[in-house]
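Asks: when you get a sec, could you give me coordinates for this:
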Amino acid sequence: MLGLTRNHVFTDIYLEGIAPNVSNGVRRWTEVPWYVFWTFQWTTMPHEFGHWARARQSGGDFVYSGYTFPIPEAQMRLPQPVALEYDALASVGGFEINNLMRRRTTTKYYMTGSEHPN
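Replies: Residues are numbered from 1 along each chain as shown. Reported below is the predicted structural model:
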């Protein structure tokens, strides 16, 4: 899961590269925003990929047109008429990926006992 791996890398960048070089007062204001921003970014891309994969399965496409902070701009293009089940699959495809990432993160947490995104 590329999104989780990138999140792990950016967590390490903060913990090993930035945090040791700033005071505790600054760290208190930078740590949570760093984690929230990068976790959101690295989980959004796989989420959008889930929409793309399911749209392609239904004969359509999920087209990226740009990026507006903090999310990509995209449009789902499904063939018309589209069967209800394919329409639903394309809509929930992103949440399928979210569930897979959650499952992997939870499993790693119980295996290692660490909150660090492994």
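Asks: check contacts around Ser23.
Replies: The contact partners of Ser23, taken as C-beta atoms under 8 Å, 6 or more residues apart in numbering, number zero. Bear in mind the C-beta positions are built from the backbone N, C-alpha and C, glycine included.
Asks: for the host helix or strand of Arg54, name the packing helices and strands.
Replies: Here Arg54 is covered by helix 24-57, with elements defined by DSSP states H and E. Helix 24-57 sits against helix 2-12, strand 61-68, strand 71-77, helix 84-112, with contacts defined as 3 or more C-beta pairs under 8 Å, 6 or more residues apart in numbering; DSSP states H and E.
Asks: and the angle from that helix to strand 61-68?
Replies: What separates the directions of helix 24-57 and strand 61-68 is an angle of 150 degrees, with axes from the mean of the first three to the mean of the last three C-alpha atoms, to 10 degrees.
Asks: what mean pLDDT does helix 24-57 have?
Replies: The predicted model gives helix 24-57 an average pLDDT of 90.
Asks: how about the helices and strands packed on helix 24-57 in a markdown table, adding distance to Thr39 and mean pLDDT?
Replies: Below are those laid out as a markdown table (distance: least, C-beta to C-beta, whole Å; pLDDT from 0 to 100):
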| stretch | distance to Thr39 | mean pLDDT |
| --- | --- | --- |
| helix 2-12 | 5 | 83 |
| strand 61-68 | 17 | 86 |
| strand 71-77 | 14 | 86 |
| helix 84-112 | 10 | 87 |
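Asks: can the ones you listed go into CSV with extra columns for distance to Ala53?
Replies: What follows is these, written out as CSV (distance: least, C-beta to C-beta, whole Å):
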stretch, distance to Ala53
helix 2-12, 14
strand 61-68, 8
strand 71-77, 12
helix 84-112, 6
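Asks: between the ones you listed, which gets nearest to Phe37?
Replies: Nearest of these to Phe37, taken as C-beta to C-beta: helix 2-12 at 9.1 Å.
Asks: run the chain-centre distance for the closest one.
Replies: Averaged C-alpha coordinates place helix 2-12 at 10 Å from its chain's average position (C-alpha atoms, centre = their mean, to the nearest Å).
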